[in-house]
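*Asks:* Just a sequence and a predicted model for now, questions to come.
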Amino acid sequence: MSLDFATPMFLIERNKERCFNCQICIRQCANEAHKWDSKKGQVYSIDANCVNCHRCVLMCPTRALSVKKFPWEFRYNANWTPEAIRQVYLQAESGGVLLTGMGNDRPYPVYWDHMLLNASQVTNPSIDPLREPMELKTYLGRKPDVLKIKKGKILEEMPPQLELDVPIMFAAMSFGAISLNAHKSLAAAAKKMGTYWNTGEGGLHADLVEYGSNTIVQVASGRFGVNREYLNVGAAIEIKIGQGAKPGIGGHLPGEKVGEEISKTRMIPQGTDALSPAPHHDIYSIEDLRQLIFSLKEATEYTKPVFVKIAAVHNVAAIASGIVRAGADAVVIDGFRGGTGAAPLRTRDSVGIPIEFALAAVDTRLREEGIRNKASIVIGGTIRNSADVVKAIALGADAVYIGTAALLALGCHICQKCYTGKCNWGIATQNPQLTKRLNPEIGQERLTNLLKAWAHEIEELMGGMGINALESLRGNRLMLRGIGLNDRELNILGIKAAGE
Amino acid sequence: MTVLIDAKGLHFEELNQRIRKTLQSGAEKIIIDNVNGQRYIGAGIKGTQTLIINGIPGNDMAAYMDGLELVVYGNGQDAIGNTMNKGKIIIHGNAGDTLGYAMRGGQIYVKGNVGYRVGIHMKGYQDQIPVVVVGGKAGDFFAEYMAGGIQILLGLNLKAGERIVGDFCGTGMHGGVIYLRGRVEEHQVGREVKIVDVEAGDLEIIAKHVKNYAQYFNIDFQQVMAKPFVKLIPYNKRPYGNLYTSY
Ligand code: SF4
Ligand code: SF4
């Protein structure tokens, strides 16, 4: 065997004065970064196994542990960064495609941070959300071209709509990628907050059928867990064409995570890699997409909105227009910073475009074509806080999906190792020893808290702008100003520069 | 109770609504005449009734279907039995592409040939085993990404030089089994596929389904069984396991 050039990424430091060798860290670390030296009668660490998930750091009763970046310095080189060097070493060793988890971690500009919100001063006074009613209600689905009203009643039947009390939904994360306890937390929180969670492409566990009216069920190319009951139990159906973390390639659930329960829900052999290739092998055109959309509408007797989710890519506006014309009730766009359970590193870090541009381009295009009413726009990847939500809505989104932020609420520490099936926080794993660490009751509570806090903040920001209903903010780009953006970027975003 | 529906000039939405209503009102059997390309017949319907389809049904017939029996007197188009869960489809003719896509259960019998990408992503779990039996040949990408179930190609009535299956057969296969009545060359099958001899247990399975085929289409069972079969299975259930390096 040749010498392994790859050095550990992290250094585990154990404060000897505090450590009393209780061995909790050994039991807590599924990556086996802590070991017991029976001769010396003490705990020791294997730095190379550490993924910096902080489980041991937080579980250690005497706070004896800390994890740092491994102090291995290459000679400074702006071109050959330590990551770039390490990746070459790894591939020279293995010949493999580099696999990672979570979203793009490269320092691309975050355009949310280049947009500022407006506030009222003197004229059009601001509104105090603590005293005045604020309306966050959102309806997702196709809206008719004209509304005929007679004696206060809408004359024709409205196409099916999803009613959201907060404009934030939980993004698609499959049972398989994440644990049943994570799904339970998301489902219960969605129900409590009057919003929706999304099954992802791995089907719906029988225990979660009771949350059907707050569930968006996903249909991807692998069609895992898709049957009549599944389609009908959900409130809406989402066709997954692509995902921001890995545009152009399909779903991939590594065999390590395909145990008995997953095998049963997905109807595939245990231990196999669950592959959902891109493309759907029955979709090669907008007409084919229409066929799938209507097969789902037929199967559910036109009672559910059908969403189509795509990754934000270069021609996103034209594609979205095609999707709307194909009959989708909502277009879901996932930006290039969106998370994932497993993605090839090169795809995750270098394919796709920022969601801010994609959203602005799609909203503009659909308006120009006069079809904006025919479908809602939902975006994700990455919404980090309530200000991002407000900016997204002002740019033209009807609602947003949060994935990574929801997992953070459940304890995720963004170690990017979701594909290993060893998530020490019980989220991205199917190992019962680990999944039991996530209590769905507590998970639900933390998610509910997060949404409540964000909803308050959204109300405050809206009130500051003198707006009392989300409807009045939607697509209201006058509420946005760009900072540090060039003319072209401002143009695409359809906003003025700060000071204009 | 048998009910007759004339599909002439009906849009699929109207036709399918009529079918659903008729089934709800207690019909055990519906005969649908003059079917001419209407899509989604039987899609998403749960039940044990029978639809007799005279004509050529459109794409996505029996998509997500859960239990019905569909008999087609004519050819079928694309995506028949897409993600079907339970039930039976008998087609007295040829069928198009992606038949049995992601099928999860039930059986499809096609008298003649089928198109490309048939039976891809087929699933299976314990005793829920979907079955596709094709009397003639299948095009390229047959059984791609197959994860479970049984698919049988009989290669009946092949013309001289015609192959029972196209190229890239079973690419990405990681579960289930394919039986071919005839020969297949190594270069026709995906890298993940192993060609092996059939054993006694296999012949039992084949005979069971061929018997049905012979009965539905009035063909001599013994004659079909007289020719040898080969069996295609995945080398292992993790064809892409070694492709990746943890970063
Ligand atoms: S992998 Fe996590 S639990 Fe294990 S040593 Fe590192 S930080 Fe601690
Ligand atoms: S879900 Fe778990 S494995 Fe994935 S990034 Fe978060 S802590 Fe790490």
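*Replies:* Structure's in. What do you need? Numbering: from 1, shown residues only, chains lettered A, B, ... in the order given. Ligands and ions are numbered 1, 2, ... in the order given.
*Asks:* how near is A:Lys153 to ligand 2?
*Replies:* According to C-beta to the nearest ligand atom, to the nearest Å, A:Lys153 and ligand 2 sit 48 Å apart. C-beta here means a position set from N, CA and C on the backbone, and glycine is covered the same way.
*Asks:* in the sheet, who's paired with that residue?
*Replies:* Applying DSSP bridges to A:Lys153 gives these bridge partners: A:Lys150.
*Asks:* Model confidence for it, exactly?
*Replies:* As predicted, A:Lys153 sits at a pLDDT of 90.
*Asks:* again with A:Ser2
*Replies:* 64.
*Asks:* next one: the one 5 residues further on
*Replies:* pLDDT for A:Thr7: 82.
*Asks:* ok and the residue in the stretch 351-500 of chain A nearest ligand 1?
*Replies:* A:Asn424 (5.1 Å; C-beta to the nearest ligand atom).
*Asks:* what about the residue nearest to that residue when sequence neighbours are not counted, neighbour count?
*Replies:* Nearest non-adjacent residue to A:Asn424, counting by C-beta to C-beta, 6 or more residues apart in numbering or on different chains: A:Arg55, 3.7 Å away. Residues lying near A:Arg55 (other C-beta atoms under 10 Å in any protein chain shown) number 26.
*Asks:* Would you verify that B:Gly201 is located in a strand?
*Replies:* No - per DSSP: H, G, I helix; E, B strand; the rest coil, B:Gly201 lies outside any strand segment and is helix.
*Asks:* give me the element A:Arg346 is part of.
*Replies:* Using DSSP states H and E, A:Arg346 sits in helix A:345-350.
*Asks:* what do you get for A:Arg290?
*Replies:* Element membership for A:Arg290 (DSSP H and E) is helix A:286-299.
*Asks:* Quick check: mean pLDDT of that helix?
*Replies:* The average of the pLDDT scores along helix A:286-299 is 96.
*Asks:* Could I get the average pLDDT for the next helix-or-strand element following it?
*Replies:* Counting by DSSP H and E, the element after helix A:286-299 in chain order, helix or strand, is strand A:306-311. The average pLDDT within strand A:306-311 is 98.
*Asks:* Report the next helix or strand after strand A:306-311 in sequence order.
*Replies:* Note on strand A:306-311: by DSSP H and E, the next helix or strand toward the C-terminus is helix A:316-325.
*Asks:* And that following helix, how far out from the chain middle?
*Replies:* Helix A:316-325 sits 21 Å away from the centroid of its parent chain (C-alpha atoms, centre = their mean, to the nearest Å).
*Asks:* Can you name the residues in contact with it?
*Replies:* The contact list for helix A:316-325, computed with C-beta atoms under 8 Å, 6 or more residues apart in numbering or on different chains, reads A:286, A:289, A:308, A:310, A:313, A:331, A:333, A:353, A:358, A:361-362, A:364-366, A:369, A:371, A:374-375, A:377.
*Asks:* How about the helix holding A:Arg346 and ligand 2, any contact?
*Replies:* No - Helix A:345-350 does not reach ligand 2 (C-beta under 6 Å from any ligand atom); its nearest approach is 12.9 Å.
*Asks:* Tell me the confidence at the closest residue to chain A within chain B?
*Replies:* Using C-beta to the nearest C-beta, the closest approach of chain B to chain A is made by B:Gly44 at 2.6 Å. You'll see B:Gly44 listed with a pLDDT of 96.
*Asks:* In stretch A:255-272, which of the residues would be classed as buried?
*Replies:* Within stretch A:255-272, the residues that qualify as buried are A:255-259, A:261-269, A:271-272, counting by 16 or more other C-beta atoms under 10 Å in any protein chain shown.
*Asks:* ok, which residues in the stretch 1-150 of chain A are in contact with chain B?
*Replies:* Within reach of chain B by C-beta under 8 Å from any C-beta of the partner chain, the stretch 1-150 of chain A has these residues: A:87, A:90-91, A:93-100.
*Asks:* Dump these to a markdown table, plus distance to A:Arg106, pLDDT and neighbour count.
*Replies:* As requested, these are exported to a markdown table (distance: C-beta to C-beta, whole Å; pLDDT from 0 to 100; neighbours: other C-beta atoms under 10 Å in any protein chain shown):
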| residue | distance to A:Arg106 | pLDDT | neighbour count |
| --- | --- | --- | --- |
| A:Gln87 | 13 | 94 | 17 |
| A:Leu90 | 18 | 93 | 19 |
| A:Gln91 | 18 | 94 | 14 |
| A:Glu93 | 23 | 91 | 15 |
| A:Ser94 | 22 | 91 | 14 |
| A:Gly95 | 24 | 93 | 10 |
| A:Gly96 | 21 | 93 | 15 |
| A:Val97 | 18 | 94 | 15 |
| A:Leu98 | 14 | 95 | 20 |
| A:Leu99 | 17 | 94 | 20 |
| A:Thr100 | 12 | 95 | 24 |
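*Asks:* Check the contact between A:Thr272 and B:Gly172; I expect there is one.
*Replies:* No - look at A:Thr272 against B:Gly172 with C-beta atoms under 8 Å: they stay out of range, at 10.6 Å.
*Asks:* still on that earlier bit, just the ones of the contacts of helix A:316-325 in strands?
*Replies:* Counting by DSSP state E, the part of these found in strands is A:308, A:310, A:331, A:333, A:377.
*Asks:* got the domain boundaries for chain B?
*Replies:* Domains of chain B are assigned by automatic domain parsing as B:1-93, B:102-241.
*Asks:* what are the bridge partners for the nearest residue to B:Leu243 once chain neighbours are set aside, then?
*Replies:* Excluding the flanking residues, the one nearest B:Leu243 by C-beta to C-beta, 6+ apart is A:Val97, at 5.6 Å. In this entry, A:Val97 is beta-bridged to B:Tyr244, by DSSP bridges.
*Asks:* where along the stretch 51-200 of chain A do the strands fall?
*Replies:* Assigned by DSSP state E, counting those that start in this stretch, the strands in the stretch 51-200 of chain A fall at A:65-69, A:97-100, A:115-117, A:138-140, A:149-150, A:153-154, A:162-164, A:168-170, A:197-198.
*Asks:* Need the per-residue pLDDT for A:Gly251.
*Replies:* 79.
*Asks:* for the least confident helix or strand in chain A by mean pLDDT, packing partners?
*Replies:* Scoring the helices and strands of chain A by mean pLDDT, DSSP states H and E places strand A:274-276 at the bottom, with a mean of 78. Applying 3 or more C-beta pairs under 8 Å, 6 or more residues apart in numbering or on different chains; DSSP states H and E, we find strand A:274-276 packed against strand A:251-253.
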